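Chemist: How does the following fold in three dimensions:
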Amino acid sequence: MLLAGLYAVIWPGEALTVLVLAGGILLVIDGALGLWSLTFGGGKSGNYWFDVVANALSLILGVLILISPLIATILTVTFLSSIVGIAALIVGLMQVVVITREREHYARIWPVVLSGLSYILLGLVFLFFPLISASIGVIFGGVLLVIFALSLFGWAWKLYQSSKGG
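Modeler: The predicted model follows:
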């Protein structure tokens, strides 16, 4: 975890590519195993053709990602960042609308309005700068991995010290 976190902090773009490649590998494995189980596994479901199409699409998408990881990284990251941006916009707009409609029930509405506006700003950043936002997200995730790994090292050291003493 420590090495993965440091890698994500130092090289966020490459870490995104690695994550997309890992996703592509998982899609290939999932699609191939799904088609194999439908063909040779003997298991039949009520949605046989749906399962065949879903597994075939999973396999094809995985192969396409593995063939061109750079394009897949850009498209996948842009799509996911856009989804996060749209969700943040909706949450922010809902907060602002609800608090202004029901302002007579609250002593102070400014904290909620500021929270809603920050969600709206975050959504706009994710929509207009998807790759930078994703890179910052990878860096943030890397920092969390490093902190978690160091805390596990500390916990292991504490357990080691307590086992020596008793």
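Chemist: make it CA atoms for all contacts and neighbour counts henceforth
Modeler: Will do.
Chemist: can you tell me which residues contact L127?
Modeler: Applying C-alpha atoms under 8 Å, 6 or more residues apart in numbering, we find L127 in contact with S81, S82, G85, I86.
Chemist: Please name the nearest non-neighbouring residue to the third one.
Modeler: The shortest distance from G85 to any residue that is not its chain neighbour, by C-alpha to C-alpha, 6 or more residues apart in numbering, is 3.8 Å, and that residue is G123.
Chemist: Does the one you found lie in a helix or a strand, and which?
Modeler: Using DSSP states H and E, G123 falls within helix 110-128.
Chemist: what's whichever helix or strand comes after that helix packed up against?
Modeler: As assigned by DSSP H and E, the chain's next helix or strand after helix 110-128 is helix 130-165. Applying 3 or more C-alpha pairs under 8 Å, 6 or more residues apart in numbering; DSSP states H and E, one finds that helix 130-165 contacts helix 2-10, helix 12-40, helix 69-101.
Chemist: my read: G5 touches L144, true?
Modeler: Yes - here G5 reaches L144: they are 7.3 Å apart, a contact under C-alpha atoms under 8 Å.
Chemist: if you count what's nearby, which of those two comes out ahead?
Modeler: G5 (24 against 17; other C-alpha atoms under 10 Å).
Chemist: Now do the same for that one: its pLDDT.
Modeler: Here the pLDDT value assigned to G5 is 88.
Chemist: OK, contacts around it?
Modeler: Here G5 is in contact with G141, G142, V143, L144, L145, V146 (C-alpha under 8 Å, 6+ apart).
Chemist: Report the separation between the nearest residue to the third one once chain neighbours are set aside and G85.
Modeler: Distance criterion C-alpha to C-alpha, 6+ apart; nearest residue to V143, sequence neighbours excluded, is G5 at 6.0 Å. Computed with C-alpha to C-alpha, to the nearest Å, the distance linking G5 and G85 is 24 Å.
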